[in-house]
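Q: my questions concern the predicted model and sequence given below.
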Amino acid sequence: MTLLDVTPTALQVLWLILVAVLWIGYLVLEGFDYGVAMLLPFVGKNDKERRVLVNTIGPVWDGNEVWLLTAGGAMFAAFSGWYATLFSALYLPLFLILLGLILRGVAFEYRGKRPEWSWRNRWDWAAAIGSLLPPLVFGVGFANFLIGMPLKNEAILGGSATAPLFAGSFLGLFSWFGLVGGITFVLVFLTHGAIYAALKTKGEISARLKKLALKLGLISAVPGIVFVLGANLRKMLPGQLDSLRLVAWIAGILLLVLFVAAIFFIWKGREGIAFILTSLSIAACAVMIFAHLYPGLGFDNTGLKVALDITTAASSPTTLTLMTVAAGILVPIVLLYQIWAYTVFRRRLGVENIPDDAETPVVVGG
Amino acid sequence: MGSDTIARWQFGITTVYHYFFVPVTIALSLLVAVLQTQWYRTGSDRYLRLTKFYGKLFLINFAMGVVTGIVQEFQFGMNWSEYSRFVGDIFGAPLALEALIAFFLESTFLGLWIFGWDKLSRGKHLAMIWLASVGTLISSVFIIAANSWMQNPVGATYNNGRAELVDFGAVLTNPIFLTQWPHTVIAAFIVAGGFIAGVAGWHLATLAKQENPKEEDVATFRTATKFGAITLIVASLLIIVSGDLLGKQMTQVQPMKMAAAEALYTTETNAAFSIFTVGSLDGSKEVFSIKVPGVLSILAGQSTVKGINDIKADYAKTGYAQADGSTNALQKEFASKLKSMNVDPTPNIVVSYWTFRIMMGLGFLTLILGAWLLWVTKKGALPKPGKLWTAMMFGLPLAPLFANSFGWIFTEMGRQPWIVAGVIPTSYAVSPTVSAGEIWFTMIVYTLVYGALAVVEVGLMFRYIKKGLPDAAPVEKIVDEDAPLSFAY
């Protein structure tokens, strides 16, 4: 094992934590709207039922997705070396995610814009497939972070500098552990989404969703356990700390306990508590992954002269200070108004709440 | 074709496509907010119907803007990793701030606006569209600040093998940003004004064909026609000013871009502005051209305008320089690294020359169309339906929209061969680990998906434009748990 001697500044550590926080926001929030959209063609038996499901996430999915854009932007601003190597390394996987995001984004907006069932059914499938791709690919991607992706050193900008660049291949990402990661993310988000939808609906459809959530939860537990064990039993990458490995173990066990508790409560018919528990479980999963990302940021720096790590990839103290002030003020404000938005749309929906046509004449309240 | 060439085509195509939706998003959100404010103040159904009608068209457009915008944010890292590595310390911050401030604001409050009609009080609901609209404006601030930095990299130093931020204030007071931002936003209002006026003008002609058109519908579309046309005319007059100011700054910091825009090869005093040229633009055999004496010097704000050949010679001798011979810190510090790269500092002259002219030509055409629309519909007159009228109504939003596209193509092509003016050549900025084949693959899929979505989007636009004004039927705020929602997807 090569030693990677890293002494990061407090700001660099803070920003790795802040990037993790943004990812947690994304995975917990958009996680359930991916789940609901994937279930759309399977759970919604007719147009009204599908519209119930779409309307549970309609007002909030776009705001959820911005957590991903902010996480990406924060990586660009705070760890530009990481953003550069990582985004070009995962070129085709990220392309698949973008395709998914394009499909689902227009699907929600356009499905109700024509009355024909064929039109709506097609958009529902676009929403489902578009919502399957991101968790699948991110799951594979995070698993590869845990493995440590291979790097090489190469001269860049006409030889004016040397950069750590990705040395692997697209197909190389699909190891058995990579696939377990992908499957786990998809199944966990399906469960999370089914619980959310059960929480936001009423009547027969809510009862059906609870049953489904229980089944999905039990199925996801299997790859989930394999993922947690695989993540924490891997060999140490250069520079990794024993103390953080311990944190990752604790987070890993915690995430499993929280998830099992969620399954228990959904079995008991308590979808509210179950939703909080799956949310916490997903957050614990992100903590586990990010504990492994120190210091190599998901890359294997073995034998490299110019390493990719929390110090070499980081932006200047000036930029990190500026971004810290901005994030310190803005993230709490964003959280406050997003929470308010969820309270505005707190009512459960049933088929009786859905107007006959999405394009009925305007009715105005207030 | 090298990966840098195909990556440039990809960025160009996806950005221009994305920008078909941006001007309407920025400006129509605000204009819809103005319409809803009028309804809030007067209680008149007319403004409510217009809010609903244009609000729906706005949302059809907005969805496309959002999904194509995500592609752009990711593309920097995916296709241009060495650009991202070099500039991330400065360029990343405005992008992150754009997401953190603007994207959260517009997405969250737009969701509340769309679904909140029967859940919020009228005043609160009105605030939602205003907040979303402010979000789109803030978004334009940060992205234009980032782009302006590529044109004129201020507030930075060369350190640790990359550009590092020294002064964020300098990035936000970049003279290019201070002129490019108003120019861009005003241009967006011309498109949105043209859109409102064009759609309403088309409906007026349709109503004129009917025997007994509903009086209220005619009056409502007349209001919209006037509202759109006046927005367009005011913005068109303002853009002459902003364009003039921007041109002067551009000539100072990127003299080559102005020379290329004019296909001006030799330095001239009291330089003439060329309106039209037949023949080649390589400085050798001009067949025919129309020139207005002295005007280029006025536009450039300098009596002597440097020609391409002289700027090129200066570059070979002393490196990149602004019109007054100065350079900013980053350009100076990186200059020694550039010597081994053998850069030809000339952009594509034909593209620069013609895009500049098409932009301005379409801009003036728009102004004429807007004034003419106001003239025809004055004092209660209805337009004569016909092919000409329909064509003009199409032209109202499309002429300024394409003027926007050509303006951006000019700005970005005129910046070449640099990705950061005077610092990094574009060909060195591409991702070394991504093959041309991979970019070709994504390019083909993007083209297919974007093409299909364009068909869907245009189809829905026409469908909802034709549908016309919705009925306004005010009801109480919903209390009954089982009552249908007033709005649902």
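A: All right, it came through fine. Numbers count the residues shown, from 1 in each chain, chains lettered A, B, ... in the order given.
Q: contacts only, for residue A:266.
A: Residue A:266 makes contacts with A:195, A:198, A:210, A:213-214, A:217, A:274, as judged by C-beta atoms under 8 Å, 6 or more residues apart in numbering or on different chains. From N, CA and C alone the C-beta is placed, and that goes for glycine too.
Q: for the stretch 151-300 of chain B, just list every one of the helices.
A: All helices of the stretch 151-300 of chain B, identified by DSSP state H, counting those that start in this stretch, fall at B:168-172, B:175-209, B:215-253, B:255-262, B:295-300.
Q: just chain A next, same as before
A: Using DSSP state H, the helices of chain A run over residues A:10-43, A:47-57, A:61-78, A:80-89, A:91-110, A:117-147, A:176-200, A:204-232, A:242-267, A:271-292, A:317-344.
Q: need the contact partners of stretch A:328-336.
A: A:21, B:100-101, B:104, B:108.
Q: and it, what's buried?
A: Buried positions in stretch A:328-336, judged by neighbour count with 16 or more other C-beta atoms under 10 Å in any protein chain shown: A:330-331, A:334.
Q: can you put the residues you listed in JSON lines and add pLDDT?
A: Shown next, in JSON lines, are those (pLDDT from 0 to 100):
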{"residue": "A:330", "pLDDT": "95"}
{"residue": "A:331", "pLDDT": "94"}
{"residue": "A:334", "pLDDT": "96"}
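Q: for chain A, which residue gets nearest to chain B?
A: Chain B sits closest to residue A:80 of chain A, with a gap of 2.1 Å, by C-beta to the nearest C-beta.
Q: how much space between that residue and residue A:319?
A: Taking C-beta to C-beta, to the nearest Å as the measure, residue A:80 falls 9 Å from residue A:319.
Q: what touches both of these two?
A: B:89, B:92.
Q: have a look at the two and say which one is more surrounded.
A: residue A:80 (30 against 24; other C-beta atoms under 10 Å in any protein chain shown).
Q: excluding its backbone neighbours, what's nearest the more buried one?
A: Nearest residue to residue A:80 in three dimensions, chain neighbours excluded: residue B:88, at 2.1 Å (C-beta to C-beta, 6 or more residues apart in numbering or on different chains).
Q: where's residue B:360 relative to residue B:247, distance?
A: Separation of residue B:360 from residue B:247 (C-beta to C-beta): 10 Å.
Q: pretty sure residue A:36 is touching residue A:198, no?
A: No: counting by C-beta atoms under 8 Å, residue A:36 stays clear of residue A:198, with 10.2 Å between them.
Q: give me the next element, helix or strand, following the helix or strand harbouring the residue nearest to residue A:80.
A: Assigned by DSSP states H and E, residue B:88 belongs to helix B:81-97. As assigned by DSSP H and E, the chain's next helix or strand after helix B:81-97 is helix B:104-115.
Q: tally of neighbours for the residue in the stretch 301-450 of chain B that chain A sits nearest to?
A: At 3.8 Å from chain A, residue B:431 is the closest residue in the stretch 301-450 of chain B, using C-beta to the nearest C-beta. Residue B:431 has 29 neighbouring residues, counting by other C-beta under 10 Å.
Q: now it: phi and psi?
A: Main-chain torsions, residue B:431, degrees, to the nearest 10: phi -70, psi 120.
Q: which ones are touching residue B:371?
A: Shown in contact with residue B:371 (C-beta under 8 Å, 6+ apart): B:229, B:233.
Q: which parts of the helix or strand where it lies are buried?
A: Under the criterion of DSSP H and E, residue B:371 resides in helix B:349-376. Within helix B:349-376, the residues scored as buried using 16+ other C-beta under 10 Å are B:349, B:351-363, B:366-367, B:369-370, B:373-374, B:376.
Q: do stretch A:287-297 as well
A: Applying 16+ other C-beta under 10 Å to stretch A:287-297 flags A:287-297 as buried.
Q: is that stretch positioned near chain B?
A: No: using C-beta under 8 Å from any C-beta of the partner chain, we find that stretch A:287-297 stays clear of chain B, coming within 13.6 Å at best.
Q: who touches that stretch?
A: With contact meaning C-beta under 8 Å, 6+ apart, stretch A:287-297 is reached by A:4, A:6, A:8, A:16-17, A:19-20, A:23-24, A:79, A:82, A:86, A:142, A:145-146, A:148, A:228, A:231-232, A:237-241, A:244-245, A:247-248, A:251-252, A:255, A:298, A:307-311, A:313.
Q: chain center to that stretch: distance?
A: Relative to its chain's centre, stretch A:287-297 lies at 16 Å (C-alpha atoms, centre = their mean, to the nearest Å).
Q: span of it from start to end?
A: 13 Å (C-alpha to C-alpha, to the nearest Å).
Q: now stretch A:149-164: mean pLDDT?
A: Per-residue pLDDT values over stretch A:149-164 give a mean of 90.
Q: can you list the buried residues in it?
A: Going by neighbour count (16+ other C-beta under 10 Å), the buried part of stretch A:149-164 is A:149-151, A:153, A:156-158, A:160-161, A:163-164.
Q: and if you look at stretch B:99-119?
A: So, applying 16+ other C-beta under 10 Å, buried residues of stretch B:99-119: B:99-119.
Q: go on, stretch A:247-266?
A: Under 16+ other C-beta under 10 Å, the buried positions of stretch A:247-266 are A:247-249, A:251-252, A:254-256, A:258-263, A:265-266.
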